[in-house]
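Student: the following comprises the amino acid sequence and a computationally predicted model.
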Amino acid sequence: MSNVEYKRALCFASHANCGVRATVEDGTITKLEGDPECTVSQGRVCERMDFQLEWLDHPKRCNYPLKRVGARGSGKWERITWDQACAEIGEKLRYLADEYGPESVIFSHGTGRTDEWYEGRFFNLYGSPNLAMGGSEICWCPTYTNESATYGQFAAAFTAAKTGCVVLWGHNPAQSGDFPEHWGYQDLFANDPDAKLIVVDPRCTEYAANADVWLRLRPGTDGAMAMGWMNVIINEELYDKEFVEAWTYGFEDLKKAVQAYPPEKVAEICWVPAEKIVKAARMYATCLPAYLPWGLATDAIGRNQAQANRAKACLKALIGINKAGQTYLAPPNDVLPHATFEMPEMLSKSQRDKQLGSDRFPFHSWPSYQMISDAQSRVFHHPYFLSQNATCAQNWCAVSEAIRTGKPYPVKGLIAQASNPFSNLSNTQDVYECVKLLDLVITHEYTMTPLAMLSDYVLPAAGWLERPQLWGVGGGGPCITGVALTGEAAVPPLYERRDNYEFWRSLAEGTFDEETCEKYWSWQTTEEAYDAMLEPQGTSARGAITDPVFNPSPEEWHKMSDPKTGQLYGFGTPTGKVELRSTIIEDLFDEKEALPYYEEPFESPISTPDVAEAFPLILTAGSRVMPYYHSEYRQVNGCRDRYPEPHFQIHPETAANLGIGDGMWCWIETRRGRCLQKAKLDASVSPYTVAAQHGWWFPELPESEPWLGGWFMSNINMCTDNDPDNCCRLSGVYNVKLAQCNVHRADDVPFRSIFG
Ligand SMILES: Nc1nc2c(c(=O)[nH]1)N[C@H]1C(S)=C(S)[C@@H](COP(=O)(O)OP(=O)(O)OC[C@H]3O[C@@H](n4cnc5c(=O)[nH]c(N)nc54)[C@H](O)[C@@H]3O)O[C@H]1N2
Ligand SMILES: Nc1nc2c(c(=O)[nH]1)N[C@H]1C(S)=C(S)[C@@H](COP(=O)(O)OP(=O)(O)OC[C@H]3O[C@@H](n4cnc5c(=O)[nH]c(N)nc54)[C@H](O)[C@@H]3O)O[C@H]1N2
Ligand SMILES: [Mo]
C-alpha cells in the first residue's frame, strides 16, 4: 500500500499566494488542488494549478550549478558543486569590492517572488546600495513612495467588507488576479450587488464592459484625469469636509491647483467626454464607502508618474482615509516588519549616497526614503519604509549609464534572482548591450532565461512546492498589520536546487568571514529563518499554517494616542497630516512640485507631433493575460499549447486601413526598435491605440548566440524607452506602458521555419 500524505502549501506562481493541498504518494506529488481550509483563498485556485506539476520536473528546469566554459553566450557549461560555485563567486565579489568598491556590484530583482529581505541583508552587509534593475521600480513602489509621502504609508486593502463604489484605475484584476484585488472583488460585489463600478482604462476590460462608467482615456493622461475629478469634487463641495479640515495639510493650495483642470479641458487632454468625467467624479465622491485600489498603469507611465500618483493619492484623501471600505492604512503595532531583517543600518551613509540615480532622482532613492522614514518613525517605531523600499527601487536608466560610461563609477557585477530583465526592463536592446559589458553575471533561476544564458554562473532554484512559504509579512501594509500565513514544502528540493534564502546564505558563506556568517546567517534553513521572523507574532513557520495571525484593525486610528508616548498618532508625515501639499517633495525639489500636476507623455501626438506622424498609433504594452506570468511558462506545454503565440489588440478599422487581417503576424515598431506579434481585431480598443502583450520569448529556440531564446523577436520592450531625459523627473521611473508606434504586416518573415 502506498504512503499518502497531504501537505498544505501556498502557491507562489503569482502574488495571490492561494492555499494549495498537495497529495504526496510515496514522496511524489500526485495532485494539486485548492485548499478549502486556507483562511484567505478558501479553496480557490486559478488555471495555473493545471501545469504546476509539469513545471516542477520539466526538462527545461535548472537542476545543477553551472559554470560557463566557453565564451559568454556560447551555451557551453560545466557542472560544478554549490561549494565550488559559491567559493569562486565569493572570491570574485571580494575582488570587485577591493578593486572598484562594493557599489560596483548590482542586483536584479523582479516582481516580488521571493521574500526580498535576504537580498537586502546580503547587499547591506556587502556594502552596495544598488539593488538595481528590478521590476519594482515601475511596479507598486512608485505608488508606495507617493502614498507614504502623502499619508505616511501605503494603503492596505484588507478591511473592505462593504463598498458603495469600486474604481479600477489602470488595473484589471480579471486578468491580473492578485490577492486581494481579484478574489476580494468577488466578495465585495457579492456583499453589495448594487455597488457602483468605475473603470479608467483605454481598453474595454471584462470589468469595463460591466461598469457604470467606463472612461476610455488616452494612455498616460491619468494625471489630468485625477486632477479633473478633484476639480469636480472640490468645486461641488462633495469631499469629506470634516476629514479634510481636521486631517489634511495644503487643501487651499490643492483647491487652487485643480482650477487649471476643469472637466472640459480634461476632456480635451484625455479624449473622454466631459459629462462622463463629471459623472464618474460625483459617483466616486457620493457612493460611499468608495474604494480605489492600486493599479499598475499609473506606476509605469514614465514621465508624469509621480505627479499622477500623487493626484490619485490626494483623490483618495478627499473622501477620507482610515474608514472601513476606503483607503485604509494599517495601524501602528509592535510587529517587526520583515524589512528589519534586511538590516538597513548596516549600510553606511557614505555608501547610501552612492546609490545610482539618487542625485538626479531623489524621490525614489535614499534621500526620500530617509525623509519618509524619519516622518514615519513618530508613528511607527521600526525602520519601516527605509529598508522596505531601498530593496525595491533603483534607477535602471542610471544603472545603464553607469555600465556604459563608468560614471559616476564603474559597474562590473550583477547578481540576478527571480528576475528576467531581458523580458521585463524597458529598451531590451540596451539590457543586452549592458549585460555584455559586465565582468561577472550570476543568475539564480528555475530555467535558462536569456540572462542565464549570458551568465558566468547559473544556480538552480527550488520552487514553491520545494520550500516553506510565508505570506503577508512582506508588502506595504501587512508587515505592519501583522498578517502571517505560512505553507509547508510538499517535497524536499529536487536534484541540487536550493531555495532563495539558501542561495543567499550559501553565497554569504563564500563571500564573508566566518564570524559574519555566524552572526548574520545563523539560520540554517528557510524554516528556521521564518521561525525567527514570526516569533514576535507569537507563532512559527509551522504554527501559522493552521493558525494564521490576523491582527484586528481599528478604524480611524489616526485619532488615537500612542500608549507609549501619549501623543496623538495622526499620520506618519512631517506635518502629522495627510499632505495634499507634500512638504517632502517640496524639500527635495521646489514649490512647483509640491502639488500634483499633469504633464504629457514623453512621446505623444501633442508632445512630439513629428514623431506621431511617422508613428501614429499609441502603444499600450503589457496588459496582463491569464495564465501567463510575465515571461514565465512559455516552455510549459500545459500553458503554451493553450496560448501559443503573442497577440496585440487593434481596432478593425485601423487594421483594415493597414491591410491587416485577424491573426496576421505584424511588426510593431517605435523609434527604439520593433517586434513581431499577431493581430487580434478588437473593436473595444480605440482606433488610435494598439495593446500589445509583454513577456514573450521562445525557450524552444537555441540557448546560444545569436538566438538566446529569441529574446528580441516578439518582445514588446524592444519598443519601450529608458532614456533618463524621458523618465519621471522626480523618481526616474522609466516607461514600460506607452510609446508612439506604427504597425505593418510582416510578410517578409519566414514564420514556419522559426516557429515550426
Ligand atoms: N496573468 C498575469 N497576472 C499578473 C501578472 C502577469 O504577468 N500575468 N503580473 C502581476 C504583476 S507583477 C502586476 S504589477 C499586476 C498588474 O496588474 P494590473 O494592475 O491589472 O496591470 P495591467 O494588467 O498591466 O494593466 C491594467 C490595465 O491598465 C490599462 N492601461 C494601460 N495603459 C493605461 C494608462 O495609461 N492609464 C490607465 N488608466 N490604464 C491603462 C490596461 O489596458 C489594463 O487593462 O499583475 C499581476 N498579475
Ligand atoms: N512592457 C512591459 N514591461 C513590463 C511590464 C508591463 O506591464 N509592460 N510589467 C512590469 C512589471 S509590473 C513587473 S513586476 C516586471 C516583472 O519582471 P520579472 O519579475 O523579471 O518577471 P518574470 O518574467 O516573472 O521573471 C521572473 C523570473 O524569476 C523566475 N522565478 C520565479 N520564482 C522564482 C523563485 O522563487 N526563485 C528564483 N530564483 N527564480 C524564480 C522565473 O523563472 C522567471 O524567469 O515586468 C515589468 N515589465
Ligand atoms: Mo509588477
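Tutor: Noted; the coordinates are in hand. Ligands and ions are numbered 1, 2, ... in the order given.
Student: so how far is Ala317 from Phe154?
Tutor: 14 Å (C-beta to C-beta, to the nearest Å). For the C-beta atoms, the positions are set from N, CA and C on the backbone; glycine is no exception.
Student: repeat for Arg218
Tutor: The value you get for Arg218 to Ala317, if C-beta to C-beta is used, is 26 Å.
Student: same check on Ala71?
Tutor: Applying C-beta to C-beta to Ala71 and Ala317 gives a distance of 56 Å.
Student: again, but for Gly673
Tutor: From Gly673 to Ala317 the distance is 41 Å (C-beta to C-beta).
Student: ok, those two, which is more surrounded?
Tutor: Neighbour count, other C-beta atoms under 10 Å: between Gly673 and Ala317, Ala317 has more, with 28 against 18.
Student: my read: the more buried one touches Leu329, true?
Tutor: No - contact criterion C-beta atoms under 8 Å: Ala317 and Leu329 do not qualify, at 11.0 Å.
Student: surely Leu347 and Tyr126 touch.
Tutor: No - the pair Leu347 / Tyr126 is not scored as a contact, 9.2 Å apart, by C-beta under 8 Å.
Student: how close does the residue nearest in space to the middle of the chain get to ligand 3?
Tutor: By C-alpha atoms, centre = their mean, the chain has its centre lying nearest to Cys139, at 3.2 Å. Cys139 sits at a distance of 3 Å from ligand 3 (criterion: C-beta to the ion, to the nearest Å).
Student: cool, and Trp707?
Tutor: Counting by C-beta to the ion, the gap from Trp707 to ligand 3 is 27 Å.
Student: ok, that residue touching Glu700?
Tutor: No - counting by C-beta under 8 Å, Trp707 does not reach Glu700; the two are 10.0 Å apart.
Student: so these two - more neighbours on which side?
Tutor: Higher neighbour count among Trp707 and Glu700: Trp707, with 20 against 15, using other C-beta under 10 Å.
Student: so what sits against both of Ala317 and Leu329?
Tutor: Tyr151 (C-beta atoms under 8 Å, 6 or more residues apart in numbering).
Student: which residues touch stretch 600-620?
Tutor: 202-203, 218-221, 301-304, 654, 668-671, 688-692, 716, 719, 721, 723, 726, 735, 737-743.
Student: quick one: average pLDDT of stretch 269-285?
Tutor: In this model, stretch 269-285 carries a mean pLDDT of 98.
Student: buried by neighbour count: which residues of it qualify?
Tutor: 269-272, 274, 276-285 (16 or more other C-beta atoms under 10 Å).
Student: how about the residue in the stretch 551-700 of the chain positioned nearest to ligand 3: what's its closest non-neighbour residue?
Tutor: Among the residues of the stretch 551-700 of the chain, His630 lies nearest to ligand 3; the distance is 7.9 Å by C-beta to the ion. In this structure, His630 finds its nearest non-sequential neighbour in Gly695, 4.5 Å apart by C-beta to C-beta, 6 or more residues apart in numbering.
Student: report the contact partners of Tyr261.
Tutor: 224, 227-228, 230-231, 598.
Student: SS state for the closest residue to it other than its chain neighbours?
Tutor: Nearest residue to Tyr261, sequence neighbours excluded (C-beta to C-beta, 6+ apart): Met227, at 3.8 Å. With DSSP: H, G, I helix; E, B strand; the rest coil as the basis, Met227 sits in helix.
Student: work out for me the element Glu5 sits within.
Tutor: strand 4-10 (DSSP states H and E).
Student: for the closest residue to ligand 1 within the stretch 1-150 of the chain, give me the pLDDT.
Tutor: Evaluated by C-beta to the nearest ligand atom, the stretch 1-150 of the chain has Thr111 as its residue closest to ligand 1, separated by 3.8 Å. pLDDT for Thr111: 84.
Student: Thr163 now?
Tutor: So, for Thr163, pLDDT stands at 85.
Student: I'd assumed Lys323 was in contact with it.
Tutor: No - counting by C-beta under 8 Å, Thr163 does not reach Lys323; the two are 11.4 Å apart.
Student: overlap in contacts, those two.
Tutor: Pro289.
Student: who's in contact with the residue of the stretch 351-500 of the chain at minimum distance from ligand 3?
Tutor: The minimum distance from the stretch 351-500 of the chain to ligand 3, using C-beta to the ion, falls at Asn424 (8.7 Å). Contact partners of Asn424, counting by C-beta under 8 Å, 6+ apart, are 110, 135, 630-631, 694-695, 717, 736.
Student: kindly report the same for Gly223.
Tutor: Applying C-beta under 8 Å, 6+ apart, the residues near Gly223 are 304, 307-308, 311, 596-599.
Student: rerun at 10 Å
Tutor: Taking C-beta atoms under 10 Å, 6 or more residues apart in numbering, we find Gly223 in contact with 261, 269-270, 298, 301, 303-312, 596-600.
Student: any of these buried? List them.
Tutor: Members of those classed as buried by 16+ other C-beta under 10 Å are 261, 269-270, 298, 301, 303-312, 596-600.
Student: tell me which of the residues you listed fall in strands.
Tutor: Counting by DSSP state E, these place none of their members in strands.
Student: select from those residues every entry located in helices.
Tutor: Here DSSP state H is the test, and the buried ones among the contacts of Gly223 give 269-270, 305-312 as lying in helices.
Student: give me the distance from stretch 114-121 to the chain's centre.
Tutor: On the basis of C-alpha atoms, centre = their mean, to the nearest Å, stretch 114-121 is displaced by 15 Å from the centre of the chain it belongs to.
Student: buried ones in that stretch, by neighbour count?
Tutor: Result for stretch 114-121 [16+ other C-beta under 10 Å]: buried residues 114-121.
Student: what is the rounded mean pLDDT of that stretch?
Tutor: 86.
Student: run the contact check for that stretch versus ligand 1.
Tutor: No - using C-beta under 6 Å from any ligand atom, stretch 114-121 never reaches ligand 1; the gap is at least 13.1 Å.
Student: just the contacts of stretch 600-620 that are near ligand 1?
Tutor: Checking the contacts of stretch 600-620 against ligand 1 (C-beta under 6 Å from any ligand atom), the matches are 202-203, 219-220, 301, 737-738.
Student: could you pick out the residues of the stretch 401-550 of the chain near ligand 2 for me?
Tutor: 417-420, 423-424, 444-447, 449, 461, 500.
Student: could you export these to TSV, including columns for secondary structure and pLDDT?
Tutor: Output for those, formatted as TSV (DSSP: H, G, I helix; E, B strand; the rest coil; pLDDT from 0 to 100):
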residue	secondary structure	pLDDT
Gln417	strand	95
Ala418	coil	94
Ser419	coil	94
Asn420	coil	94
Ser423	helix	93
Asn424	helix	92
His444	strand	98
Glu445	strand	98
Tyr446	coil	98
Thr447	strand	98
Thr449	coil	98
Ala461	strand	98
Asn500	helix	96
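Student: taking those residues, tell me the two that lie furthest apart.
Tutor: Greatest spatial distance among these (C-beta to C-beta): Ser423 and Asn500, at 19.7 Å.
Student: okay, those two: which has more neighbours?
Tutor: Taking other C-beta under 10 Å, Ser423 and Asn500 do not tie; Ser423 has more neighbours (25 against 21).
Student: excluding chain neighbours, what is closest to the more buried one?
Tutor: Ser631 (3.7 Å).
Student: who touches both of Leu347 and Tyr126?
Tutor: Pro102.
Student: residue contacts, Ala280?
Tutor: Neighbours of Ala280 in contact, by C-beta under 10 Å, 6+ apart: 165, 167, 196, 198-200, 211-215, 225, 228-229, 232, 272.
Student: if you set the cut-off to 7 Å instead, what comes out?
Tutor: By C-beta atoms under 7 Å, 6 or more residues apart in numbering, Ala280 lies in contact with 198, 213, 215, 229.
Student: what number of residues lie near the closest residue to ligand 2 within the stretch 1-150 of the chain?
Tutor: When scored by C-beta to the nearest ligand atom, the stretch 1-150 of the chain has Gly110 as its residue closest to ligand 2, at 2.1 Å. Close neighbours of Gly110, defined as other C-beta under 10 Å, add up to 22.
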